[in-house]
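Visitor: structure for the following, please:
(2 chains)
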Amino acid sequence: MPPPLLLRSLSAAVLTDPAGDLSLPRECRGAVEEWGGVYAQLIRLTGRWRIFLWDGEHQSRLSDGFVSGRQVGDRWRTEHRIGRLAVHQEIAPTDRPSGAIRRLRFALSEGPPVSLVVHSSFRPYLLPTLVEGVRPVSFRAETSSAGLDVRQRGFGLAVRSSIGPSHLYLDRGSWLGGHRSGPLERVGADYELRLTAGLPVDLRLAIAGGLERDLARSADDIAALLADPEPRLASAEAAEARWLAGTPTMRFPDAPELERAYEAARASLRRLYSAPGDSMTGLVAGYPWYSAIWCRDLAWMLPAVLWLGDFDWAAQSLATVFRFQSRSSIPLLGGEPGELPMQISPGPIFFYGTSDTTLYFPGIVEQWVRHTGDTGATLPWRPVLAAVVAWGLARTDLATGLLRNGGEAEAISAATGAISRIRYGIDSPDTTIWDSTDRRDHAIDVQVLWWSALRSALELHAIDDDPTVRARLPGVVARLAETIRTAYDWPEERYLADSLRAAVPVRKLRPNALRAVSAGLVSPERARALARRVAEEDLSTPWGVRTLSTKDPTYRPDAYHDGQVWPVATAWAADAAFAAGDGELGAEFLGRIAARFAAESGQANECYRGDRAEAFDSCFLLGLSVGPFVSLLFERLWGLRPDARARCLDVRPCFPAGWRSAALDGVRLGPGRVSLRWAAPVVTVGWSGPGDLTVRVGGRVSPLAPGASVAVSLDGGSRAG
Amino acid sequence: MRSASIGRMLSVARQGLQLGIEYGPHSVEALLWIAETVEESVYRVGSLRGDGQGIRFTLGNPPLRSGAFSAVRLLWNGVPVDPAAVQLCPGGSASWRTAASLSPGDPIELHTGEPIEVAAAVGLAPVGASVDLRLELECPAIPPLVWIEFRDTVRRG
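Guide: Numbers count the residues shown, from 1 in each chain, chains lettered A, B, ... in the order given. From the prediction side, this is the model:
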């Protein structure tokens, strides 16, 4: 299959292959599906959108005459030649309106004039991407003086062109216009052009839409886009350049592949940024089929967004998630009081029903405060975090501290039962991060997450308004830590069990247990042993870490969460190795992730087969695959821990023994920026100001005035600058 | 039984009202768009037909998940139908496959937006009878079972 091309803006995306027609066949759940088309406001507007050319004698597909293509930012420019006809095309996504524009220039090189018919044809979809596997069966098509609109309930798209169509088609039949409702497989239009040698003719086609109520307000924007798309496209490109210029730069002379991987991951993270409308801000989980805001995935990406210095985007994303915190019990949506949503999409459309999503966010808020120093901004979030704690306590055994996971999806199914004569369901008993497999009752990574959430909530004083709960929490935290240390022990495997069920360890060997190592919940000696255990070949491959050991009888190399390799699991292994003090192993795991980025031209697949480095059932770009990687470069390789409230930065680099130097510039900390240089064994830290910064490196504490730097040898000794 | 149904309907109404109050009327509206779209897009209401041999019905889309399916089970009024007696014909394909022929190594591909004809040799299906059907599908790539249940009236086939 051809490599995927993702062209995106903050509210829209175009998925295509390189040949110039918006088509993208891609393996999904074991079968090839068509994912090409225009996406806007997290709604799939169209399926494949193709161009055909008829010169009176021959019909050709635009893609058949493909000569070359190149990507310029988020524009895809292609050149085509069909006989005497040369076609230059540019495809780009747009915001305001949310959609895509195709600019085509037709030129005849020589000979007599030609009457050319350009036929544009697409398959309407009009359903949010968070609804998997379904295409609507009924649409309403309507023409007006402005052009052609297609609607499906509250979703709509507009088709506009710089030259009016000479014919319209619905499915294979010619259509005079007006309005028609019912099944619709294809919408087509002919545009008649007269071509003379030496006189190119331009045709611009736009498809825009999303929520119908937003489309209705977009008429002027669509007209302006068609008249001259360049100002909007140039403005978007300038914004991308400003964003990139505001992010840190990293240099690893001893590992240029890791440096390239950072740049690729940073770019990929930016491509997931989403402001789809309805006052929502966030990042989509991935492309193509996870292009909605999944709050679990968002939680794994927001630390990286903070490290890249985009404090505002992180804050707006948190505010978006918190806006949809469940305030009451809503069984239809799987929501319980205090729960944070699983998915969000403009409508607004939102669903709950996961065991872990809610628990990430106290830690994200704490990290936001450490990077920004702005405790005041979090005051409105304290009630949100208090409700998160209450949600967790409602499913916690206070004697052990263990939080119960499982049954969330079953609750939705039961709630929707018998209110409709048609019911659907997915028999998913459990909804941890590996949500296709049963990890009840107390998955270890969920317990670590709960422990971290409680500690963050206490640190942020989120529970201070409830002294009774506030007094109880430290005990819960302590008991939970002790339970994690003792109840999951699996001495035969020198590892930790994946879960507890009826107080009995569930002996499945998964990388998830490493989260206990990263959190510092096990002794240093144990940490090293656990990190090394995952490096063994039943879990570890040259392309990453498996979700389940090959020794497990239920292992299958093509099972989504029971055998496939996930880069996020590889990131966990790296994190645990660094936490255990094994920088060599940590860098090795980072290198495996970097190798995948390089092999995929900078994109980052979701998952791979467990028996070979082949993407399977995989989004070609997933935030889980890039966010944790970026964070690890800052938090573990460079060993940075900021505390902007105290104007303090800890620096504990953990570079491989063979490295001699590294550089990091432009790390945002509170109101200023930090730069670092490492020339073994000396770390030099510079601070821009304003105000002073306290730097802790190599056991030494150094105050830095604005514009000053300090050089500290990790072998002892320091020098101020 | 009736009061239980009324109770469930009232609960749904209460939840809808609550959503509207807490998140605005657009939230209820948008939820209805999704629910109605899915409801009308998967099982084609009224497509259930019967003759002396068995029944046949049409799905407009795979239920909730496209992909390659290694096992399909049909239950007729709660009773499993012999997989050898269940056949599927995905849109775009001219060939029927029995559920018994499916396996992880030889799955059936069901694609988004493509209708699927399902037929089952269950014997005489009385026209006018109201029947409960449940179709279960297993996709090896993602294990949890997907299923659809519906009640419809058998029409003359």
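Visitor: so, low pLDDT: which residues of the chain?
Guide: No chain in the question, so chain A it is. Applying pLDDT under 70 to chain A picks out residues A:410-420, A:716-721.
Visitor: actually chain B
Guide: Residue ranges of chain B with pLDDT under 70: B:1-4, B:92.
Visitor: longest helix in it, by residue count?
Guide: The longest helix of chain B (DSSP state H) is helix B:2-23.
Visitor: how about chain A?
Guide: helix A:467-487.
Visitor: buried sites along that one?
Guide: A:469-470, A:473, A:476-477, A:479-481, A:483-484, A:487 (16 or more other C-beta atoms under 10 Å in any protein chain shown). (C-beta placed from N, C-alpha, C; glycine too.)
Visitor: got the CA coordinates for stretch A:77-97 in PDB?
Guide: Taking C-alpha atoms only, stretch A:77-97 is exported to PDB below (Å, rounded to 0.1, in the frame of the first residue of the first chain):
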ATOM      1  CA  ARG A  77       1.700  19.600  -4.700                       C
ATOM      2  CA  THR A  78       1.500  17.200  -7.500                       C
ATOM      3  CA  GLU A  79       2.300  17.200 -11.200                       C
ATOM      4  CA  HIS A  80       0.400  15.100 -13.700                       C
ATOM      5  CA  ARG A  81       0.800  14.600 -17.400                       C
ATOM      6  CA  ILE A  82      -1.800  13.100 -19.600                       C
ATOM      7  CA  GLY A  83      -1.000  13.400 -23.300                       C
ATOM      8  CA  ARG A  84      -0.600  17.100 -24.100                       C
ATOM      9  CA  LEU A  85      -2.200  18.100 -20.900                       C
ATOM     10  CA  ALA A  86      -0.200  19.100 -17.900                       C
ATOM     11  CA  VAL A  87      -1.900  19.500 -14.500                       C
ATOM     12  CA  HIS A  88      -0.500  21.100 -11.400                       C
ATOM     13  CA  GLN A  89      -2.400  20.500  -8.300                       C
ATOM     14  CA  GLU A  90      -2.200  21.700  -4.700                       C
ATOM     15  CA  ILE A  91      -4.200  20.200  -1.900                       C
ATOM     16  CA  ALA A  92      -4.400  21.800   1.500                       C
ATOM     17  CA  PRO A  93      -6.600  21.600   4.600                       C
ATOM     18  CA  THR A  94      -8.100  24.900   5.800                       C
ATOM     19  CA  ASP A  95      -9.600  26.500   8.900                       C
ATOM     20  CA  ARG A  96     -12.400  29.000   8.600                       C
ATOM     21  CA  PRO A  97     -13.900  27.300   6.800                       C
END
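Visitor: tally of neighbours for the residue in the stretch 451-600 of chain A positioned nearest to chain B?
Guide: Proximity of the stretch 451-600 of chain A to chain B (C-beta to the nearest C-beta) peaks at residue A:560, 4.9 Å away. When counting by other C-beta atoms under 10 Å in any protein chain shown, one arrives at 25 neighbours for residue A:560.
Visitor: repeat for residue A:245
Guide: With other C-beta under 10 Å as criterion, residue A:245 counts 9.
Visitor: how near is it to residue A:270?
Guide: Per C-beta to C-beta, to the nearest Å, residue A:245 is found 12 Å from residue A:270.
Visitor: do I have it right that residue A:614 meets residue A:608?
Guide: Yes - counting by C-beta atoms under 8 Å, residue A:614 sits close enough to residue A:608 to count as a contact (6.1 Å).
Visitor: coming back round to it: what touches both of residue A:245 and residue A:270?
Guide: Counting by C-beta atoms under 8 Å, 6 or more residues apart in numbering or on different chains, no residue touches both residue A:245 and residue A:270.
Visitor: please put the alpha-carbon coordinates of stretch B:107-125 into CSV.
Guide: The C-alpha trace of stretch B:107-125 is given here as CSV (Å, rounded to 0.1, in the frame of the first residue of the first chain):
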residue,chain,number,x,y,z
PRO,B,107,-11.9,-14.7,7.9
ILE,B,108,-14.7,-12.7,6.2
GLU,B,109,-14.0,-9.0,5.5
LEU,B,110,-16.8,-6.6,6.4
HIS,B,111,-16.3,-3.0,5.3
THR,B,112,-17.7,0.3,6.5
GLY,B,113,-20.7,1.4,4.4
GLU,B,114,-21.1,-1.9,2.6
PRO,B,115,-24.4,-3.8,3.2
ILE,B,116,-24.3,-7.4,4.4
GLU,B,117,-26.9,-10.0,3.6
VAL,B,118,-27.4,-12.6,6.3
ALA,B,119,-29.4,-15.8,5.7
ALA,B,120,-30.1,-18.6,8.0
ALA,B,121,-31.8,-22.0,7.3
VAL,B,122,-33.9,-22.1,10.5
GLY,B,123,-36.8,-23.8,8.8
LEU,B,124,-40.3,-22.3,8.7
ALA,B,125,-40.3,-18.7,9.9
